[in-house]
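> Could you work out the structure for the sequence below:
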Amino acid sequence: MESPPVGRGTLYIEYQSSLSPVIPVKTNLGMAIANLPTPLRIASFLLFLLSNWLPIAVPVYLLIDDDNLRTILVMAALFVTFLGQLIFWSHWRYQTPLSLAAYQVYGLGWNRRQGRELLQGLGLGFAFTFGLFSLAALLGWVTLLSSSQRLWLTIAEGSLTGLGVAFAEELFFRGWLLKELETGYSPRVALVSNGLIFAGLHFLKPLSEVIRTLPQFPALALLGFCLVITKRRHGDRLAASVGLHGGLVWAYYIINVGGLVAYTERVPEWVTGIDRNPLSGLLGISFLVLLLLWVSRGASPPQMAADTPPSPGDQWGSR
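Residues are numbered from 1 along each chain as shown. Now for the predicted structure:
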């Protein structure tokens, strides 16, 4: 059946559920969502995401006995659902095509420039992490060890973990969420809100654990600020933020899983990091302040309007 023309106020979309074939749906949902206050708009997206994900997650949770496999499948289903929903959301909000081009609104694309920025971000993340542990070793707080495992395998596993976590979290926090915050608030409020939400959602755990690991909260907020500023200073493109985030996770994975350091216990945990997590200690927070100063150095870049379409150089496959 031929689709009617798509207008700005009335959108004609195709929606496919797990229980029905592709059904054309004529809706004013796009305009209604665009006019909602920012908190309600964000809540609407999350409710849609939850309603699309639960029909997949619940059967998996009930049918799979292995905890690790169950967690992997449930989280993979959540991210795939998010990727699919983001295409429709971008179409409703910004009238983008129902295709991969929708991700360009959030700074995601693949071209040589973004490839270079990804590598630059990775380099900065590795330099930060190895610099932190090198200083700790010079101060006598940790001892550097040679790996007793096959280090190349740890490096390969770390690349998948680091880049996978970074891609998922950056597309959500610095892609979709930051875009929604920038639509409703000033750039500064959006930056601070994004960092605090990023930290808060990593603190969804029992109150006793929240209190015990509290130093990690300001560290995560600082990291969120760094990643927002990194994206803005690269023309609102996401690759540098993915690289920086991925480099931090990847390098820490190599050091931690590879057994490359041993803590000497010469200083309290709150200095080197609670549970040996460098972001939960004074040293890690101090390094994150330095990282924030580094990514913020120089003149402020021009701010793009929240509804500005990507430039031709940000298109998929452009150089």
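
> Now do the strands in this structure.
11-15, 23-27, 142-144, 261-263 (DSSP state E).

> can you give me the mean pLDDT across the second one?
Which is strand 23-27. Mean per-residue pLDDT for strand 23-27: 39.

> Repeat that for the first one.
Predicted confidence along strand 11-15 averages 36 (mean pLDDT).

> Same check on the third one?
The predicted model gives strand 142-144 an average pLDDT of 93.

> Which other helices and strands does it contact?
helix 112-138, strand 261-263 (3 or more CB pairs under 8 Å, 6 or more residues apart in numbering; DSSP states H and E). Backbone N, C-alpha and C define where each C-beta goes, glycine included.

> Please identify the deepest-packed of the ones you listed.
Most buried of the helices and strands packed on strand 142-144 by mean neighbour count (mean count of other CB atoms under 10 Å) is helix 112-138; its value is a mean of 18.

> Chain neighbours aside, what residue packs nearest to Ile42?
Closest residue to Ile42 apart from its sequence neighbours, by CB to CB, 6 or more residues apart in numbering: Glu180 at 5.4 Å.

> Per-residue pLDDT of that neighbour, please?
pLDDT, read off for Glu180, is 94.

> how close does it get to Ser90?
To Ser90, Glu180 is 11 Å away according to CB to CB, to the nearest Å.

> With Ala32 instead?
On the measure of CB to CB, Ala32 and Ser90 end up 16 Å apart.

> out of the two, which sits in the more crowded spot?
Neighbour count, other CB atoms under 10 Å: between Ala32 and Ser90, Ser90 has more, with 22 against 13.

> I'd like to know how many residues surround the nearest residue to the more buried one once chain neighbours are set aside.
Distance criterion CB to CB, 6+ apart; nearest residue to Ser90, sequence neighbours excluded, is Ala102 at 3.7 Å. Ala102 is flanked by 20 other residues according to other CB under 10 Å.

> and if you look at Ala156?
11.

> still on that earlier bit, tell me, what's the model's pLDDT at the residue nearest to Ser90?
90.
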